[in-house]
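Asks: any chance you can model this:
(one chain, ligands or ions: 1)
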Amino acid sequence: MQLSMQGGVGIVTGGGSGLGRAICMRLAQEGAFVAAVDINMDGATQTAKDITAGGGKAAAFRCDISDPAQVTATITAVQSQLGAPKWLFNAAGIVSHGRVEQVSYETFSKVLAINVGGAFLMSKAVLPFLVQNQGSIVNVASLAGTMGVPYMVSYSTSKGALIAMTRAMAKEYVDRKVRINVLAPGGIETPMYDVPFPPDANPEILATLPRTSMALAKPSELANMAVFIASPEGGNISGSVVAVDGAST
Ligand SMILES: NC(=O)c1ccc[n+]([C@@H]2O[C@H](COP(=O)([O-])OP(=O)(O)OC[C@H]3O[C@@H](n4cnc5c(N)ncnc54)[C@H](O)[C@@H]3O)[C@@H](O)[C@H]2O)c1
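Replies: You can find the predicted model right below:
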């Protein structure tokens, strides 16, 4: 199925690695122009290079999405280099494991500042363009946000908040025809998945984690879903929390 995305501009945070990179590549396949945004400029540059080598149009932008000034400057740069954005994919994120009593408030705040604050700042900056272009936002949460995962208090809190933010924004923008959705993956085969639980985690508690044999997805599988939902073919899907977790939940 060819999606109607040719020549539209998509911004992807976390575009330098894992799922964000897969979304960039999938958007390019659909003929969209791609802004790969990442704090890791080497990764974002590689993504943009790979797209242009394949005949697509892309550019890399270094940005810490938790910094309001950098976000504003990045959106201005995207607009002047590629054009007014039509889609935003908030895929950048960080993970943190640890027992609640050992998690510093600094770590807790940092995870929230990037995973929720970054998505908020990016959305706020891009929404005026999405309203003009009747575009769409896809956020990336996790089953940790729908269920709560032990030893991941900061991450679970951030992903739960991202889901609530998605629902609130989706309702608010119905009258301006901007659709906003969130994915809740189980596991994805990316560098983030390899971050271990604390060595003293109780195996009995870890065994309660819902993980079917289909839980672990390839980045391309998540990217297919993200790009479809964002595309005009995504129809009236908005305010949805889309589990992509092989029936784990
Ligand atoms: N890997 C999994 O098992 C899994 C499961 C569920 C949800 N997710 C979510 O999927 C999304 C993509 O993660 P991934 O698995 O591809 O991980 P990843 O670590 O491969 O990629 C994350 C990217 O985000 C970038 N990033 C981090 N902080 C940033 C900041 N402040 N500003 C800009 N960019 C920043 C990193 O540089 C990196 O390129 C994340 O939101 C993650 O929480 C991942």
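
Asks: pLDDT value on residue 192, please?
Replies: If you check residue 192, the pLDDT there is 89.

Asks: ok, the one 5 residues further on next?
Replies: Looking at residue 197, its pLDDT is 90.

Asks: does it belong to a helix, a strand or coil?
Replies: Residue 197 falls in the coil class when you classify it by DSSP: H, G, I helix; E, B strand; the rest coil.

Asks: what number of residues lie near it?
Replies: When counting by other CB atoms under 10 Å, one arrives at 17 neighbours for residue 197. All C-beta spots, glycine's among them, are computed from the backbone N, C-alpha and C.

Asks: could you do the one 4 residues further on as well?
Replies: The burial metric for residue 201, expressed as a neighbour count using other CB under 10 Å, is 15.

Asks: residues contacting the residue nearest to it when sequence neighbours are not counted?
Replies: The spatially closest residue to residue 201, leaving aside those adjacent along the chain, is residue 151, at 5.2 Å (CB to CB, 6 or more residues apart in numbering). Applying CB atoms under 8 Å, 6 or more residues apart in numbering, one finds that residue 151 lies in contact with 97-99, 197-198, 201, 205-206.

Asks: again, 10 Å this time
Replies: In this structure, residue 151 makes contact with 96-100, 102-103, 197-198, 200-202, 205-206, 209, judged by CB atoms under 10 Å, 6 or more residues apart in numbering.

Asks: next one: residue 71
Replies: Contacts of residue 71 were listed using CB under 10 Å, 6+ apart, and they are 13, 37, 63-65, 117-118, 120-126.

Asks: just the buried residues from the contacts of residue 151, in ChimeraX please.
Replies: For the buried members of those, the matching ChimeraX selection, counting by 16 or more other CB atoms under 10 Å, is:
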select :96,97,98,103,197,209
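
Asks: and residue 221, what's its pLDDT?
Replies: At residue 221 the predicted local confidence, pLDDT, stands at 96.

Asks: again, but for residue 215
Replies: What the model reports as pLDDT for residue 215 is 89.

Asks: surely it meets residue 142?
Replies: No. Taking CB atoms under 10 Å as the contact criterion, residue 215 and residue 142 are not neighbours in contact, 11.5 Å apart.

Asks: and for those two, which residues touch both?
Replies: Listed as contacting both residue 215 and residue 142 by CB under 10 Å, 6+ apart are 185-188, 245.

Asks: near the ligand, which of the contacts of residue 71 show up?
Replies: Of the entries in the contacts of residue 71, the ones placed beside the ligand under the rule of CB under 6 Å from any ligand atom are 13, 63-65, 118.

Asks: of all those, which comes closest to residue 51?
Replies: residue 13 (16.1 Å; CB to CB).
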